[in-house]
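K.L.:
sequence and predicted structure are below.
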4 protein chains.
Amino acid sequence: MTYVAVIGPGDAAEGSEAAVRAEVVGRELAGAGAVVVCGGRGGVMAAACRGCAAGGGTSLGLLPGDDRAGANPWVTIAVPTGLGEARNALVVRAADAVVAVGGGYGTLAEIALALRAGTPVVGLGTWEPVIAGRRDHGIVLAGGPQEAVALALRLARERPGKAG
Amino acid sequence: MTYVAVIGPGDAAEGSEAAVRAEVVGRELAGAGAVVVCGGRGGVMAAACRGCAAGGGTSLGLLPGDDRAGANPWVTIAVPTGLGEARNALVVRAADAVVAVGGGYGTLAEIALALRAGTPVVGLGTWEPVIAGRRDHGIVLAGGPQEAVALALRLARERPGKAG
Amino acid sequence: MTYVAVIGPGDAAEGSEAAVRAEVVGRELAGAGAVVVCGGRGGVMAAACRGCAAGGGTSLGLLPGDDRAGANPWVTIAVPTGLGEARNALVVRAADAVVAVGGGYGTLAEIALALRAGTPVVGLGTWEPVIAGRRDHGIVLAGGPQEAVALALRLARERPGKAG
Amino acid sequence: MTYVAVIGPGDAAEGSEAAVRAEVVGRELAGAGAVVVCGGRGGVMAAACRGCAAGGGTSLGLLPGDDRAGANPWVTIAVPTGLGEARNALVVRAADAVVAVGGGYGTLAEIALALRAGTPVVGLGTWEPVIAGRRDHGIVLAGGPQEAVALALRLARERPGKAG
């Protein structure tokens, strides 16, 4: 089974470009039989879970708080970690690849943790980290949600020893 | 959905009393539609997941390490937390009730964390914490696995504001 | 440098036996040049830090919340972990030996985590875990705070490869 | 007491610009009476701790592993968290302000977590996150280590309700 994290801002409005794309990403991942991993809250996370549910898939929401009540209604398995923002590290660890849609600072933290762990990151209108005047090329850019999913699944499969 | 943790020693031998009981607990929880939460490894955890799978249910394994490869083969959703033994706190937080079968020190830590959080703990041949010469009565004792599951589900349901 | 955790209930009243003993433990550890590790809050933790400060020592408080404001006023270095009760695992990991004074469920969780990690635990009027009708002998019992400190320092020193 | 995190790549070579700057930052923070918080390992972390020790200050190293042996020799208080990269969140939480010197992906994760938490971040030759073609202005740029320390201390002091 392949686990793909969908990360992005928790305050993306319904109908925003990020939310619309995340919903397609969730649905396509479900169609491919992958588990959608996310932070379990609103915005991009809720959109990805909604898409996943529409596609008949399973989503895993790793919540920052102590209470399952904070989960969006489309999460299949909700895990209240009680770790606050340290749960970002768990979202990344649980994933064989990451799709980043849009971006807030939490998204940037998760992108960075994934790149550090060697987990492939596919970006859709997200952060482009620059250092010493040069763009870092760790994030694989996708033109749309279907391409993002295809890339994420391929990179997860090619990753040495993780997806199985 | 109700989430019930099944905790117990990771080194319980196949066929041991603890493993046999944990397998029945897992199967009965699956039959009741509850998600089985555990540490995702061997012994009692593997037995509970195997029972859950036999009953057609869903299990969630919160692994201590960084790698999904450490999960037993019956876990439905495996989450490599990378937190080491701090993941015990996550097993407890993710559960609306806990069934403790047998016991090692990790089991004792989880029992204590559950009692501290006010999460009901049902015991099957497990620890009996004593302080100042008196047995603590926080753990509800069950005579067998079916009774343990019935108690855990009832206590989870009666718990204010957690299971929903 | 040797790090010794002092654990016990956060609601032990000032002047209670546990608080009085913890204060002596903190002072003696400071006198021996050890760092006092604790959860940084009230009760036994505050008493140990007060004793440590009186003895001119250094204490480290690993707080469950996000905010240093939750620390008792005698902590030298306060670390808001934001991990909730998962910080218990950090208190234990940071220690070369543990002195348990009195007991609540959080204390029991820390004792169990220490025993699991092979970290020596010295007990002063604390839990006695019983399983299958027999008392577990993992905790080394002390008759008073001075003896507890002497035992903890000796066991920390003898522990293979940790204190140094 | 004010706590300032010094973050940067663990593999910065001795004598590199990042290491030289981090050492000055550590020494200046010690001179100002601030506690230096870091990840406790090598590179920028070791340089900051060495500078802090030279300035007679106190440093706190929050290590990713289980073992104090992984700390650099200049850390005053070493805490083996056992959380892996999730300890990045702890470094940020423990700080009233952050100075980022140079950058690897772990540094980027810590910058993002700090910006998310509203903790001031001062940058010295570090990441410049770009989104939708525009540079994010969350990081306050400094021209040199002395200016970075002055900025960090001022921003920590001005921060509502954290440093005290």
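P.N.:
Perfect, I can see it now. Residues are numbered from 1 along each chain as shown, chains lettered A, B, ... in the order given.
K.L.:
contacts for the helix or strand bottoming out on mean pLDDT in chain A, please.
P.N.:
Ranking every helix and strand in chain A by mean pLDDT, DSSP states H and E puts strand A:134-135 at the bottom, with a mean of 93. Strand A:134-135 has contacts (CB atoms under 8 Å, 6 or more residues apart in numbering or on different chains) with A:Glu128, A:Pro129, D:Val130. (Glycine included, C-beta is placed from N, CA and C.)
K.L.:
try stretch A:144-161
P.N.:
A:2, A:4, A:21-22, A:24-25, A:28-29, A:32, A:34, A:96-99, A:101, A:118-120, A:122-124, A:140, A:142, A:162-163, B:69.
K.L.:
which of those count as buried?
P.N.:
A:2, A:4, A:21-22, A:24-25, A:28-29, A:34, A:96-99, A:101, A:119-120, A:122-124, A:140, A:142, A:162-163 (16 or more other CB atoms under 10 Å in any protein chain shown).
K.L.:
could you find the closest non-adjacent residue to A:Val44?
P.N.:
Computed as CB to CB, 6 or more residues apart in numbering or on different chains, the closest residue to A:Val44 that is not its neighbour in sequence is A:Gly8, at 2.9 Å.
K.L.:
how much space separates the one you found from chain D?
P.N.:
The spacing between A:Gly8 and chain D, counted by CB to the nearest CB, to the nearest Å, is 12 Å.
K.L.:
which residues touch that residue?
P.N.:
A:18, A:22, A:43-45, A:48, A:100-104, A:107, A:126.
K.L.:
repeat that with 7 Å
P.N.:
A:Ala18, A:Ala22, A:Gly43, A:Val44, A:Ala100, A:Val101, A:Gly102, A:Gly103, A:Thr107 (CB atoms under 7 Å, 6 or more residues apart in numbering or on different chains).
K.L.:
hmm, back to that, in strands only, show me the contacts of strand A:134-135.
P.N.:
Applying DSSP state E to these, the entries found in strands are A:Glu128, A:Pro129, D:Val130.
K.L.:
can you name the residues of chain A sitting close to chain B?
P.N.:
Proximity of chain A to chain B (CB under 7 Å from any CB of the partner chain) is limited to residues A:Val35, A:Leu60, A:Asp66, A:Ile77, A:Val79, A:Pro80, A:Thr81, A:Gly82, A:Ala89, A:Leu90, A:Arg93, A:Ala94.
K.L.:
from the residues you listed, which land in strands?
P.N.:
Counted as lying in strands by DSSP E, out of the residues of chain A next to chain B, are A:Val35, A:Leu60, A:Ile77, A:Val79, A:Pro80.
K.L.:
distance of the third one relative to chain C?
P.N.:
Put plainly, it is A:Ile77. For A:Ile77, the distance to chain C - CB to the nearest CB - is 20 Å.
K.L.:
cool, and the fourth one?
P.N.:
In this structure, A:Val79 and chain C are 13 Å apart, going by CB to the nearest CB.
K.L.:
same question for A:Thr126.
P.N.:
A:Thr126 is 25 Å from chain C, by CB to the nearest CB.
K.L.:
one more: A:Asn88?
P.N.:
12 Å.
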